[in-house]
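build me a model from this:
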Amino acid sequence: MSENSGTIIGINGNLLTVEFTRAVVQNEVAYAVMADRRLKAEVIRIRGSYADLQVFEDTTGLKEGDRVRFTGELLAVELGPGLLTQVFDGLQNPLPQLAEHCGFFLQRGVYLDALPRDRLWAFSPTAAPGDRVTAGEALGSVPEGIFQHRIMVPFGLRGAFTVERIAAPGDYTVSHPIATLRGADNEVVEVTLMQRWPVKMPIRAYRERLRPGEPLVTKVRIIDTFYPVARGGTYCIPGPFGAGKTVLQQITSRYADVDIVIIAACGERAGEVVETLREFPQLTDPRTGKSLMDRTLIICNTSSMPVAAREASVYTAVTIAEYYRQMGLNVLLLADSTSRWAQALREMSGRLEEIPGEEAFPAYLESVIAAFYERGGIVRLKDGSLGSVTIGGTVSPAGGNFEEPVTQSTLKVVGAFHGLSRERSDQRRFPAIDPLDSWSQYSGVVAAEQVSLARGILHSGNEVKQMMKVVGEEGTSIDDFVVFLKSEYIDAAYLQQDAYHEVDGASSAERQRYVFERIHRLLGSRMSFNDKDSARRFFQSLTQTTRDWNRVDQNDADFLQIERQLEQMIAEVSQDA
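Predicted structure coming up:
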């Protein structure tokens, strides 16, 4: 059969309008032919005999009448061993190899295999001839770093298949057939170490989807105690430039209780992406003592790259995350920044001349964002094990305005909101998560009633603070002033954390429960002071002592000594007999 092709009849930026004669399908991959180059594109709309395509490259040089070749395949990624430690672009081209191929300046129309075809992997079969298997079940495994990478029945197969042949233990490339399966209608399928999967279709080769409930420990106190994230849950981190999103991402990536970390840099500024690429290989994984990159994968698209590739990078990242979830692993996907992705959607929507929504974003923005976050979750696999994808998306609202459409659309679908504050960042209060505006629908590592008391004091202390701006400190009662000092103490001694300190930078769940229980007793105690100056001096000393406590290892003898010192300080001012 001859190839399916069409003719370009219109060009608007990276949007092509193509006339075709044979059938094409939504999300099909096509290539615009320009001299000796082929520019990759995706069908995003079909109208009769016309198709609109978004091109993932600069379209300079294309002209009306040029040919477009349709592949008959959906936009898909390669899934198999060798993904970890890699840095890909949004189309899953390995950037280091692409740089070697093209030099310092990447060329259009160059597409490389995502997985190396010459590398050998030590395959160990777990299935045997005669076994009945279904999509997603393991046929064997290969070692990939600290993990056993499952080789699974292709996710697209329907019904049960019989294993006719399985390869003996040995070394194989990703394209070498390692199993032959036969279906009920005598359909024969050859399975390799690698499979392909369309990026815009969720992988559902599991038994059941569960409701997220178990906290995902990040070792960031303000998150785990006050605004927790659930394993398999979703959360967003909106905030203005310079509020600490990147540092918070790195801390979460390093210390979160997950197996795999996937970073999707979907359109951030090139400088921030370069910082991520430089910093992550230098970060030490506390689990193994080796580089954090050994269990990390980065999808990299800067704001200077074509806008269509930003959208592809998001879907590429979440598809790979779902793939590792199918192995019973816990995956953390960090998308930075979904605002740039939404801007790419807005640009394409405008070129398609669709009816705009608020601030010219497409009217379907909310449903697209919801569909992305819904691909997270915790699932029970067919072998009974659990796997999860936790999605955290950063949002970069212009001017820190949380009322803009992307932030509001995201807040409607996520389970936790960690709003970064410019004011807290300017005051050097890190993490700069605003404790008054943030929220979470999940359960944390500390009892809810204890956290409720602390939140109440934070809100009451803020009200006193606002009142003192009007009437001054002298117009405030001593009781209200103590409430204000207690709120400042919670903020300075517990919510703030030194990200660069080896102990204070990561606080375990057990330590958070232990420390907060004692702080809770302090907050609930009635205190007596002669005047406001003595109250201020007491809380300044208490704050410094607690900060010193935060920097001491829990197994160190000084930890209990400082704890006794804190108890003695509180006893001296407490009215509770």
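
mark out where each domain of the chain begins and ends.
4-74, 78-112+207-440, 121-193, 448-573 (automatic domain parsing).

pick the most deeply packed of those domains.
Scoring the domains of the chain by mean neighbour count under mean count of other Cβ atoms under 10 Å gives domain 78-112+207-440 as the most buried, with a mean of 20. C-beta coordinates here come from the backbone N, C-alpha and C atoms, glycine included.

and that domain, how far apart are its ends?
Domain 78-112+207-440 has an end-to-end distance of 35 Å (Cα to Cα, to the nearest Å).

from the chain's centroid, how far away is that domain?
3 Å (Cα atoms, centre = their mean, to the nearest Å).

look up how far L74 lies from P198.
4 Å (Cβ to Cβ, to the nearest Å).

same thing with S49?
In terms of Cβ to Cβ, S49 sits 21 Å off from L74.

next one: R428
Taking Cβ to Cβ, one finds R428 at 49 Å from L74.

and for R117?
R117 is 22 Å from L74, by Cβ to Cβ.

pLDDT weak spots in the protein?
Scanning the chain with the threshold set as pLDDT under 70 gives 1-2, 267-272, 302-305, 576-577.

give me the contact list for the longest helix that the chain contains.
Of all segments of type helix in the chain, defined using DSSP state H, the longest is helix 448-471. Identification of contacts with helix 448-471 by Cβ atoms under 8 Å, 6 or more residues apart in numbering yields 225-226, 435-436, 444, 475-476, 480-481, 483-488, 490-491, 516-517, 519-520, 523-524.

where along the stretch 251-400 of the chain do the strands fall?
Counting by DSSP state E, counting those that start in this stretch, one finds strands in the stretch 251-400 of the chain at the ranges 260-268, 296-302, 330-336, 377-380, 386-395.

want to throw the ones you listed into TSV with distance to T192?
Formatted as TSV, the strands of the stretch 251-400 of the chain follow (distance: least, Cβ to Cβ, whole Å):
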stretch	distance to T192
strand 260-268	22
strand 296-302	21
strand 330-336	23
strand 377-380	24
strand 386-395	22
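
show me the one of the ones you listed that comes nearest Q554.
Among the strands of the stretch 251-400 of the chain, the nearest to Q554 by Cβ to Cβ is strand 330-336 (24.8 Å).

beta partners of the residue nearest the centre of the chain?
Geometric centre of the chain, nearest residue: L334, 1.8 Å, by Cα atoms, centre = their mean. Beta-bridge partners recorded for L334 (DSSP bridges): I263, G392.

swap in Y50?
Beta-bridge pairing of Y50 under DSSP bridges involves E19, R47.

quick one: contacts for it?
For Y50, the contact set (Cβ under 8 Å, 6+ apart) comprises 9, 17-20.

I'd like to know which of those is nearest to I298.
Taking Cβ to Cβ as the measure, I298 sits nearest to V18 out of those, at 33.0 Å.

list residues touching both of P198 and L74?
Residues touching both P198 and L74 (Cβ under 8 Å, 6+ apart) are N27.

R526 and T545: what is the separation?
Using Cβ to Cβ, R526 is found at 20 Å from T545.

my error: substitute D89 in the last question.
To T545, D89 is 50 Å away according to Cβ to Cβ.

same question for T134.
For T134, the distance to T545 equals 60 Å [Cβ to Cβ].

before we move on, what about Q54?
From Q54 to T545 the distance is 59 Å (Cβ to Cβ).

with V552 instead?
According to Cβ to Cβ, V552 and T545 sit 11 Å apart.

next, show the common contact partners of these two.
Counting by Cβ under 8 Å, 6+ apart, the contacts common to V552 and T545 are I562.

residue contacts, L120?
L120 makes contacts with 171-173, as judged by Cβ under 8 Å, 6+ apart.

likewise M293?
By Cβ under 8 Å, 6+ apart, the contact set of M293 is 85, 280-281, 283.

quick one: the strands in the stretch 1-150 of the chain?
Under DSSP E, counting those that start in this stretch, the stretch 1-150 of the chain gives strands at 4-12, 15-20, 28-34, 37-47, 50-55, 67-74, 76-79, 87-88, 121-125, 132-133, 138-144, 147-152.

what's the first one packed up against?
Packed against strand 4-12, as judged by 3 or more Cβ pairs under 8 Å, 6 or more residues apart in numbering; DSSP states H and E, are the following elements: strand 15-20, strand 67-74.

please apply the same query to the longest one.
When contacts are defined as 3+ Cβ pairs under 8 Å, 6+ apart, strand 37-47 packs onto strand 28-34, strand 50-55, strand 67-74.

other residues contacting it?
16, 24-32, 51-57, 59, 62, 68-70, 75, 91, 108-109, 111, 308, 312, 348, 352.

cool, and the last one?
With Cβ under 8 Å, 6+ apart as the contact definition, strand 147-152 has outside contacts at 80-81, 84, 123, 135-143, 178, 191, 193, 195, 205, 259, 295, 326-329.

try it again at 7 Å.
Strand 147-152 has contacts (Cβ atoms under 7 Å, 6 or more residues apart in numbering) with 81, 123, 136-142, 178, 193, 259, 326-327, 329.

now do it: distance to the chain's middle.
22 Å.

next SSE downstream of it?
strand 161-166 (DSSP states H and E).

partner strands of the next helix or strand after that next one, with direction?
Per DSSP H and E, strand 161-166 leads on to strand 170-172 as the next helix or strand towards the C-terminus. If you go by DSSP bridges, strand 170-172 pairs up with strand 121-125 (antiparallel).

strand 161-166 and the strand it pairs with, what's the angle between them?
120 degrees (axes from the mean of the first three to the mean of the last three Cα atoms, to 10 degrees).

next, the angle from strand 121-125 to strand 147-152.
60 degrees.

turn the helices and strands packed on strand 37-47 into JSON lines, columns for distance to G159.
Formatted as JSON lines, those follow (distance: least, Cβ to Cβ, whole Å):
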{"stretch": "strand 28-34", "distance to G159": "26"}
{"stretch": "strand 50-55", "distance to G159": "33"}
{"stretch": "strand 67-74", "distance to G159": "21"}
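
and of the ones you listed, who's closest to Y364?
strand 50-55 (15.6 Å).

quick check: Y514 vs D558, distance?
Taken as Cβ to Cβ, the span from Y514 to D558 is 15 Å.

for I237, same thing?
According to Cβ to Cβ, I237 and D558 sit 34 Å apart.

try E208
For E208 relative to D558 (Cβ to Cβ), the value is 49 Å.

before we move on, what about R295?
To D558, R295 is 33 Å away according to Cβ to Cβ.

next one: N27
N27 is 60 Å from D558, by Cβ to Cβ.

what do you get for F538?
Going from F538 to D558 by Cβ to Cβ gives 22 Å.

list the contacts for the residue nearest to H176 when sequence neighbours are not counted?
Counting by Cβ to Cβ, 6 or more residues apart in numbering, H176 lies nearest to T192, which is 6.2 Å off, once chain neighbours are set aside. Contacts of T192 were listed using Cβ under 7 Å, 6+ apart, and they are 174-178.

swap in E279?
When contacts are counted by Cβ under 7 Å, 6+ apart, E279 touches Q250.

relative to S253, how far out is it?
Per Cβ to Cβ, E279 is found 10 Å from S253.

H520 now?
From H520 to S253 the distance is 30 Å (Cβ to Cβ).

again with M468
40 Å.

from memory R108 sits against D58, does it?
Yes. R108 is within contact range of D58, at 6.0 Å (criterion: Cβ atoms under 7 Å).

skipping its backbone neighbours, what lies nearest G384 in space?
Nearest non-adjacent residue to G384 (Cβ to Cβ, 6+ apart): R207, at 7.9 Å.

again but with H149, I slipped
That would be P81: by Cβ to Cβ, 6+ apart, it lies 4.6 Å from H149.
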